[in-house]
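Engineer: Got a sequence here, can you model it:
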Amino acid sequence: MAVEVIFEDDRWDEAGLEVLVEAAEAATLAHLGLDAELCEGSVLACDDARIKVLNADFREKDKATNVLSWPAEERATPGERPPLPEPDFDGSIELGDIAIAYETCLREAEEQDKTFANHVTHLLVHGLLHLLGYDHITDRDAEIMEATEVEILATMGVKDPY
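Structural biologist: Sure, this is the predicted structure:
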């Protein structure tokens, strides 16, 4: 699996983000039956200031958020699980990009009485599912996405975050 982690905030490196990314992506892709060796993507490890700019630029929301994702391809199928992506002509599957903000993740973990690692793992699984076409705009889509997250996290020993 070729996942590039780009560190804009050194606190993420100290927190072991690369290990969390590898574990979350391996568990997510295995759960969905995708070959991790074919999948490519990136994770931007940033702070609240950077993600606030990204959130304003891409979602027109002038505030920090925990995680953002940009799928390489639109895969959503409203009301049902999205189809699995097919490899490109070169055999790879481009997933897309994720950005995750340190301060927001830390604050949320503390507020929700969760370990930082478990909360970040949940958000990485959540972001990766967005790259694969999952969403939570409608109640039905949210049910599908959240159930899939809970199943994946259980395989990693992370309790139901909901």
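Engineer: correct me, but residue 159 touches residue 121?
Structural biologist: No. The pair formed by residue 159 and residue 121 falls short of the contact definition of CB atoms under 8 Å, at 11.1 Å. (Glycine included, C-beta is placed from N, CA and C.)
Engineer: show me where this structure has strands.
Structural biologist: Secondary structure of the chain, counting by DSSP state E: strands at 2-7, 39-46, 67-71, 93-101.
Engineer: which residues sit against the shortest one?
Structural biologist: This means strand 67-71. Defining contact as CB atoms under 8 Å, 6 or more residues apart in numbering, one finds that strand 67-71 is touched by 51, 54-55, 58-59, 95-101, 105, 123-124, 126-128, 130-133.
Engineer: Buried only: go through these for me.
Structural biologist: Buried members of the contacts of strand 67-71, scored by 16 or more other CB atoms under 10 Å, are 51, 54-55, 95-101, 105, 123-124, 126-128, 130-133.
Engineer: just so I have it, where are all the helices in the chain?
Structural biologist: With DSSP state H as the criterion, the chain has helices at 10-14, 17-32, 48-59, 102-111, 116-131, 139-155.
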